[in-house]
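[1] Just the structure for this:
(chains A, B, C and D)
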Protein chains: 2
Amino acid sequence: MARRSHPSSRGRTISDVAELAGVSLSTVSRVMNGSTTVDAALAERVREAALSLNYTASPLARSLVLGKTQTVAVVVPDLANPVFQGMLRGLSSAAARQNYHVLVADSFENLEEERVLAVEARRRCDGIVLCAPRMPDEELTALLPELAPVVLINRDPSPAKASTVSADYHSGMQQLLEHLYGLGHRRIAYLPGSAAAQSNRKRLSAISEFADGHPDVMVTELQGGVGFEDGHAAADAVAASDDTAVLAFNDLVAMGLLSALSERGVRVPEDVSITGFDDIPFARYTTPPLTTASVPIEELGRQAWERLWALLNGQAPAYNLSFGPLVITRGSSGPAPAAA
Amino acid sequence: MARRSHPSSRGRTISDVAELAGVSLSTVSRVMNGSTTVDAALAERVREAALSLNYTASPLARSLVLGKTQTVAVVVPDLANPVFQGMLRGLSSAAARQNYHVLVADSFENLEEERVLAVEARRRCDGIVLCAPRMPDEELTALLPELAPVVLINRDPSPAKASTVSADYHSGMQQLLEHLYGLGHRRIAYLPGSAAAQSNRKRLSAISEFADGHPDVMVTELQGGVGFEDGHAAADAVAASDDTAVLAFNDLVAMGLLSALSERGVRVPEDVSITGFDDIPFARYTTPPLTTASVPIEELGRQAWERLWALLNGQAPAYNLSFGPLVITRGSSGPAPAAA
DNA sequence: ACCGTGAGAGAAAGCGCTTTCTGATGGCAG
DNA sequence: CTGCCATCAGAAAGCGCTTTCTCTCACGGT
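    The predicted structure follows:
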């Protein structure tokens, strides 16, 4: 009873339409897919029948036979992070324009989970975007063939030759350092992200490079993190140090620090300058507004889609893309205080 | 050549496994699905074969025959909004625990898009969550049967009898008003959201109700909005008015206002008190930290999943759920200034 | 020795489509 | 009038599975 008796339009199959229109399944299929080899009158009758039954082909069945799902997966390490949200947004809006759907999976920074999630998600769709994957190089490389077509965001393709889109954290950090240096800062603290993350290593290499070229600068690494709380927790260490500027791993950390500093009566930027990284939408609305290295994160998402789209169409992987961040100078950075 | 010659594990079908193990498809299927009516030795052989081919059943084919996709869709009006992100996060993590996948669609506040998106997404999965749908009541009601099983977030089921989960904006606003009243504020401004949104109407009704009960209070409606910029833009009007407190539609608006006020040298809360709504993660890190009505948004997402899960298992729709927000008093609200 | 029984494996149907293959029809050249 | 080709519709195969149905075989009871 279930199927036939259901009054709704759901569960309608192509045979229902064929029957109503008095033609064969093949003909209905041909009409629905715009084949030209169907008599105009017949086609019209089929269309009417389909309309009256509110019929649309089952995407599932189509996917099975066509071998494509019109869906791509995105795996992010943390959906709560504005950076990944922005990426997801750019990606999903771009994909939607091509009538593709997006399956999203949050690995919660869990390495184990990440691999399983990726493989499982990938099987349900045509391609996958891995956003800042946490897994080690060898593991990733081994996984890549199984995931293809795949696009990597914010991750060096290193040994693997995967299509990647990323922000140039090295350049961003370098610019930030130059910005602070230009303001007279010589003692600078860095609040690092998670050691394993590639984006952290890039920042560190920029720092050591800069330090090498500027013997008069001293960069100290404090206890850092990736979220508000971590920045908040770093306030005491920052206040205790004689650093005149702090490079936070990202805007979130910077905001946490800003907030904690303000509680302690430490003035920004008079007493200490703070910089973030990413330029999340909130950055310009902190007090004072945050100086940060701006990463066009939605654009990264869009580009990731473009690449995946190319891959899906059998095109060779395009050159890897890297966005050089732009330092946005706002109120949180200023001249180094005269007396250290 | 394509299939056979591919060295990877992809494209392996159940017949490959059957062949390798020297059994029939049926047997492989039974083993993979844990049927007990298979001889232990055979089962072992099948498992080995599957392992050696790195075989897992095609989710697509399974979905087609099983009639379920292990996937649910979520439609949100704006992926950039922290509120919907939080919801999505709670929902996706809960769904993941049940091994369900999440298809996400952003309607970009576009009414037209919303319906199409919902219908299309729904066809690819087993159920759908509509988050604060913008569409008018009649349209929604008409759509509901086609979408079922469906859960609504932050939307009155009104005429339709759909399972819903929501925050009690009326109560939240009421508490906020009482909070400000208790601090001595008598002239209060409200920065409304979009007029069509149910959550805005709820706030308004709380306001007019409160005003009725407190003739000594005067609540003025200014030009509002839903994002930073809107709050930022409202600063002049706020500064020009003689209101001593501002109820922003949400935390985003409050933050924009906070930032603009600070630029103008208006002190918060000494000159004017500001309250937000939602308690997004950023709210506690503004300067000053934002007093707001806290909505357990991730929990809303989780609950939405629970409901959908129940529906998927054929259980009757549970009672509708409403979370009463909690006013979190932080630094942005204080006693009304003595001189108006 | 015979039949009923039940366990366990394979054959086959079917999920809802697309597409190739096959067949019928009609027009037109020879 | 015959034969050939083009045109278009239907039959059927097949996408990769699950599950029902069917069959075989060994076992035990009488």
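
[2] and A:Glu298, how many neighbours does it have?
    When neighbours are counted by other CB atoms under 10 Å in any protein chain shown, A:Glu298 registers 18. Backbone N, C-alpha and C define where each C-beta goes, glycine included.

[3] what do you get for A:Gly22?
    A:Gly22 has 11 nearby residues by other CB under 10 Å.

[4] Please name the residues that touch it.
    A:Arg45 (CB atoms under 8 Å, 6 or more residues apart in numbering or on different chains).

[5] what about A:Ala293, helix or strand, and which?
    Per DSSP states H and E: A:Ala293 is located in strand A:292-294.

[6] How about residues contacting the next helix or strand along the chain from that strand?
    Toward the C-terminus, strand A:292-294 is succeeded by helix A:297-312 as the next helix or strand (DSSP H and E). Contact partners of helix A:297-312, identified using CB under 8 Å, 6+ apart, comprise A:68, A:72, A:83, A:86-95, A:98, A:100, A:126-129, A:148-151, A:153-154, A:163, A:165-167, A:278, A:280, A:317-318, A:321, A:323.

[7] Quick check, pLDDT for the residue most central in space within chain A.
    In chain A, the C-alpha nearest the mean C-alpha coordinate belongs to A:Met87, at 3.4 Å (CA atoms, centre = their mean). In the predicted model, A:Met87 carries a pLDDT score of 95.

[8] same check, this time on A:Gly256
    94.

[9] The closest residue to it other than its chain neighbours: what secondary structure?
    The shortest distance from A:Gly256 to any non-neighbouring residue, by CB to CB, 6 or more residues apart in numbering or on different chains, is to A:Gly231 (2.7 Å). Secondary structure assignment for A:Gly231 (DSSP: H, G, I helix; E, B strand; the rest coil): helix.

[10] and A:Gly231, how many neighbours does it have?
    Residues near A:Gly231, counting by other CB under 10 Å: 31.

[11] and it, what does it touch?
    Applying CB under 8 Å, 6+ apart to A:Gly231 gives the contacts A:191, A:225, A:248, A:252-260.

[12] So the helix or strand where A:Gly90 lies, near chain B or not?
    Assignment of secondary structure by DSSP H and E places A:Gly90 within helix A:82-97. Yes - using CB under 8 Å from any CB of the partner chain, helix A:82-97 reaches chain B at A:82, A:85-86, A:88-89, A:92-93, A:96.

[13] Could I get the CA-only coordinates of that helix as CSV?
    C-alpha atoms of helix A:82-97 as CSV (Å, rounded to 0.1, in the frame of the first residue of the first chain):
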residue,chain,number,x,y,z
PRO,A,82,35.5,31.9,11.3
VAL,A,83,38.3,31.1,8.9
PHE,A,84,36.8,27.8,7.9
GLN,A,85,33.4,29.2,7.9
GLY,A,86,34.5,31.8,5.4
MET,A,87,36.1,29.2,3.2
LEU,A,88,33.0,27.0,3.4
ARG,A,89,30.9,30.0,2.4
GLY,A,90,32.9,30.9,-0.6
LEU,A,91,33.1,27.4,-1.7
SER,A,92,29.5,26.5,-1.2
SER,A,93,28.2,29.6,-3.0
ALA,A,94,30.5,29.0,-5.9
ALA,A,95,29.5,25.3,-6.1
ALA,A,96,25.9,26.2,-5.9
ARG,A,97,26.2,28.3,-9.0
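
[14] what angle do whichever helix or strand comes after that helix and helix B:82-97 make?
    Beyond helix A:82-97 in the direction of the C-terminus, DSSP H and E gives the next helix or strand as strand A:101-106. With axes from the mean of the first three to the mean of the last three CA atoms, to 10 degrees applied, the angle from strand A:101-106 to helix B:82-97 works out at 80 degrees.

[15] Toward the C-terminus, what is the element adjacent to strand A:101-106?
    Using DSSP H and E, the first helix or strand after strand A:101-106 is helix A:111-123.

[16] What are the contacting residues of that next one?
    A:73, A:75, A:77, A:103, A:105, A:107, A:128, A:130, A:133-135, A:139, A:143, A:146-147, A:150, B:56, B:58-59, B:96, B:101.

[17] Near the residue nearest to A:Glu298 when sequence neighbours are not counted, how many other residues are there?
    Leaving aside its sequence neighbours, A:Glu298 sits nearest to A:Gly90 (CB to CB, 6+ apart; 3.4 Å). Residues lying near A:Gly90 (other CB under 10 Å) number 21.

[18] Sounds good, over and out.
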